[in-house]
Structure formats: structure tokens, C-alpha cells
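>>> 3D, please:
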Amino acid sequence: MKQKLKGTTEFKVNEEKRSVVCVVVAHGKRFFGVAKCLESDTFDVEAGKVLAQMRATVKQRQFDLNLTREFVATIKEAIKMKNAIDKLTEKINSVEAQLHVANESQTPNYAAIEQWICEEFAPEVQGWICEEFAPEVQDWVNEEFAPVVEGWLTNEFTPNVITEAVDSKVNELETRINENVNNYLVAQKDNRYEGIDKMLESLTDLDSKEEAIKKLEEQQKKDTMFEGYFAVENMPAKYRPMWESLNDARKIEIARQSKMYDFTKMGILESFWAGVKFENKPTQITESVNVVNNYHNSIAAQMKKMMHK
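Numbering: from 1, shown residues only. Got it, this is the predicted structure:
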């Protein structure tokens, strides 16, 4: 059951709960008043409406009183500001009058002007800045400007800067590594060719086939890195070129793995080499010169086999 009065008051009657609720709408807000009948009393709807409306009206009047107090405080501040402005206006007029007199007499009273600025004008301006202007600016910075800047730094600026820095360093490092590797490979290739040429020249100067074989045997004996490794010493010929293409680090790794096998059994040696991956592992650019010597020894061994045929 609802009843509206003047479009600003509304009643809600609940006969089961023996209560009446009054809603007063004012200032864009809703103020509630409740009247509930005791079980020992007779439920009177009209009396409940009056009581509920009184209670809602009390809340509305309290709100009106608070608004009035705020309005009065604002008026007082405005009056203070007006008085300060009037004083400033009066002083400015006084200064203008003094300046006018000074212009006429050509003897301006700069001391009086300076004294007024220092003693009266400046303190008024400083007080207004400290008490009214600065707090508003500070609140705006803390509540609106700072969160926006912080969000931009966190979500946009910082990730972009980090990504650009990392990409730049990675590209620079990759370029330097590629240049070093290419230079090293070119140098190794030139050294190998130069060593082969020197060995062929030394063999050309020998007088007999026996001297050439002896020279090759001496060159081959220089490679003692894998002496005692059965798998390396008895490597099938078809794996030798791939073996010679490996670096020392990979050769040593394969030789150490061979120690785990029993090559006295039939077919183990062939099975071991068939399962080897002839791929170099990444190593530092500063490899030992034994790589070149091993390659020379391999060439010498192959030439010796050709001369024995």
C-alpha cells in the first residue's frame, strides 16, 4: 500500500510487520523514517504515517542544517576574501596616488612602496598560495596526474625501453660473434692450406720414396693426443674424414665416451662409430693449434697409405 503526498513524500505500509515507512525526497536524496507498532498496541496506520514522517523530516532538517552550515562557512570565507581584496584595492589606490604625486614632483617614494610590498602585499599573496592554491594543486597531482604518469611509465615507457635495450645488445653481440667466428674459420682455413703446402714442398725435396714415407711417419707420430684410445687408433677409414672435421673439444668428448665400451667383442667398434654424431659443439674462438697439427697428420697418414700401394 503506497500513498504519495505533494510528489516528495511516499509511505509504505506493511500490515503483516505492523510498520509504516516514510520516504522524503529532497535535494536529490531520500530520507527514511520508520514507525513500528508494538505487539501490545493497536496498529493505527495514520498515527504510524505521522510518526514515520516526523522521523524522516528530522533527518531531512539535519541535512538542511549541515548544508546551511557549509553555506555559512563559505560565505564567511568569501567575506574574508572580499575584505582582503578591498584592503589590497585600497593599498593599490594609495600607491597609485603616491605614484601620481611622485610623477608630478619627480621624487617617487620608492621606500614606502617597497615597505608596503614587503610588509603587507607579499604576506597576503604568500598566505593565499600556501593555504588555498598549493593544497589544491597538490591534491590534483596526487589524485589525478601522478596515477596517469605512473601508469604510462609502467605500461608503456619502461617495457619499450627494456625491449629496445635488450634487442640492441643481442644484435650487437650476435654480430660480433659472427664476425669473430668467420675470421677464425678463414684464418684456420688459410693455416691448413699453408701447412699442406709446406708439407708437400718438404716431400718434393726428398730424393726417394723411402725418405718420403719416413718423413710422413715422423709427421704422423707427432699426434699423440689420442694415443691409447683403441676406438680412435682403429677407426674405420670411412669415418676418418668426418673425424678430422671435428674440433678438439668434440674429439676429446668422443674419445672419452669410447672408454665405456668393450671393443673386444665382435662388431662393437663399428657400432660405436656408427652411433657417433660428427657435429662440433660451440667452443671459444681461442682453440689450440693442435687442430691444425692433427689435420696435417691426417693428410700425412693418407699420403703414406697411397705410397705403400
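>>> Show the residue spans covered by the strands in the stretch 101-250 of the chain.
Assigned strands in the stretch 101-250 of the chain: none (criterion: DSSP state E, counting those that start in this stretch).
>>> Quick check: which ranges of it have low pLDDT?
Applying pLDDT under 70 to the stretch 101-250 of the chain flags residues 101-108, 149, 160-162, 165-166, 170, 173, 177, 180-224.
>>> one more time with 80
Low-confidence segments of the stretch 101-250 of the chain, defined by pLDDT under 80, are located at 101-110, 125, 133-134, 137, 141, 145-146, 148-153, 155-171, 173-174, 176-224.
>>> And the helices in it?
110-116, 122-128, 134-140, 146-152, 158-204, 209-221, 230-233, 240-244, 248-258 (DSSP state H, counting those that start in this stretch).
>>> how long is stretch 110-123 from one end to the other?
By CA to CA, to the nearest Å, the extent of stretch 110-123 from end to end equals 19 Å.
>>> Of all the residues in that stretch, which ones are buried?
Buried positions in stretch 110-123, judged by neighbour count with 16 or more other CB atoms under 10 Å: 116, 121. For glycine as for every other residue, the C-beta is placed from the backbone atoms N, C-alpha and C.
>>> Likewise for stretch 243-251?
243-244, 246-247, 250-251.
>>> TSV for those, including distance to residue 49?
Converted to TSV, the buried residues of stretch 243-251 look like this (distance: CB to CB, whole Å):
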residue	distance to residue 49
243	108
244	110
246	103
247	101
250	100
251	105
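>>> which one among these gets closest to residue 11?
Using CB to CB, residue 250 comes nearest to residue 11 of those, at 95.7 Å.
>>> Hmm, the closest one is touching residue 279, no?
Yes. In terms of CB atoms under 8 Å, residue 250 counts as a neighbour of residue 279; the distance is 7.3 Å.
>>> Any idea how many residues pack against residue 84?
Using other CB atoms under 10 Å, residue 84 has 13 neighbouring residues.
>>> Thank you, goodbye.
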